[in-house]
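S.K.: Build me a model from this:
(chains A and B)
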Amino acid sequence: GAGVSQTPSNKVTEKGKYVELRCDPISGHTALYWYRQSLGQGPEFLIYFQGTGAADDSGLPNDRFFAVRPEGSVSTLKIQRTERGDSAVYLCASSLISLAGDNEQFFGPGTRLTVL
Amino acid sequence: TQLLEQSPQFLSIQEGENLTVYCNSSSVFSSLQWYRQEPGEGPVLLVTVVTGGEVKKLKRLTFQFGDARKDSSLHITAAQPGDTGLYLCAGDRAGGTSYGKLTFGQGTILTVHP
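M.R.: Here you go, the predicted model:
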């Protein structure tokens, strides 16, 4: 596809359940980012991948959150034992490289997660 | 933790009016970006400013980066209903330890009435 895609677009789950959110970055983009956007707020950084490795996971709120990018392309954000406070839009972005400079991040449409 | 304070949070104006959105921080950024986000979509980059004091124009939008690279502003001239949306500023400290990790302001919801 031409842009970053995310699936599902919407996910409703019950408290305590496990969820997986998928991100397909733009082909060839080596850097991939996950952000979380709560209602009425700007996106908040969660984790950054350069290739297959998580170069910076300082934004993950706790050990219930985990993300992988095993082949350096598609990434999955995994949330265990979901809580109502996890409800938000989860955004994925990719860029060509991630060095000093103004490398543009291209965002997907997000996955809206609702925890009942 | 570096914070970006964005103001105002809400802005409701009539078509044809001018407006300015501000983004302030106590931290220095290597670059600052402005995004626009529509409902149900991800943010879309409008502009990146890199040099202190830099001014960039995009049609009716003027972006300025403060001399100390701690603050920025977005000015829209003669706003139109199509400008309605969420405007976000984001700072990038790439070159240090954050490698393009963006810190976003809380956003400004702009509504332009016909």
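S.K.: Grab the most central residue of chain A for me.
M.R.: residue A:34 (3.0 Å; CA atoms, centre = their mean).
S.K.: List the beta-bridge partners for residue 21.
M.R.: I went with chain A, as the question did not name one. Beta-bridge pairing for residue A:21 (DSSP bridges): residue A:77.
S.K.: The chain in question should be chain B.
M.R.: Taking DSSP bridges, one obtains residue B:74 as the residues bridged to residue B:21.
S.K.: Surely it and residue B:9 touch.
M.R.: No - contact criterion CB atoms under 8 Å: residue B:21 and residue B:9 do not qualify, at 9.9 Å. Where C-beta positions appear, they are placed from N, C-alpha and C, glycine not excepted.
S.K.: What is the burial count for residue 55?
M.R.: Chain wasn't specified; assuming chain A. Per other CB atoms under 10 Å in any protein chain shown, the neighbour tally for residue A:55 reads 16.
S.K.: Actually, chain B is the one I wanted.
M.R.: Neighbour count for residue B:55, taken as other CB under 10 Å: 12.
S.K.: quick one, what contacts it?
M.R.: If a contact means CB atoms under 8 Å, 6 or more residues apart in numbering or on different chains, then residue B:55 has B:62, B:63, B:64, B:65 as its contacts.
S.K.: Quick check on it: phi, psi?
M.R.: Per-residue torsions, residue B:55: phi -120, psi 130 (degrees, to the nearest 10).
S.K.: Pairing partners for it in the sheet, please.
M.R.: Beta-bridge pairing for residue B:55 (DSSP bridges): residue B:64.
S.K.: related to what we said a few turns ago, wouldn't the residue nearest to the centre of chain A be in contact with residue A:94 here?
M.R.: No - if you go by CB under 8 Å, residue A:34 and residue A:94 don't touch, sitting 10.5 Å apart.
S.K.: Give me the common contacts of these two.
M.R.: residue A:23.
S.K.: hmm, back to that, residues that sit against both of residue B:21 and residue B:9, list them.
M.R.: Counting by CB under 8 Å, 6+ apart, the residues touching both residue B:21 and residue B:9 are residue B:108.
S.K.: Residue B:86 reaches residue B:40, doesn't it?
M.R.: No - here residue B:86 lies out of contact with residue B:40, judged by CB under 8 Å, at a distance of 11.3 Å.
S.K.: Return the distance of the nearest residue to residue A:27 once chain neighbours are set aside relative to residue A:80.
M.R.: When the adjacent residues along the chain are set aside, residue A:27 lies closest to residue A:73, with 7.8 Å between them (CB to CB, 6 or more residues apart in numbering or on different chains). Counting by CB to CB, to the nearest Å, the separation of residue A:73 from residue A:80 is 24 Å.
S.K.: what about those two, which has more around it?
M.R.: Looking at residue A:73 and residue A:80 with other CB under 10 Å, you find the greater number of neighbours at residue A:73, namely 18 against 13.
S.K.: Can you tell me the element the more buried one falls in?
M.R.: Of the helices and strands defined by DSSP states H and E, none includes residue A:73.
S.K.: Low-confidence ranges, chain B, go.
M.R.: Counting by pLDDT under 70, chain B contains low-confidence ranges at B:1-2, B:94-99.
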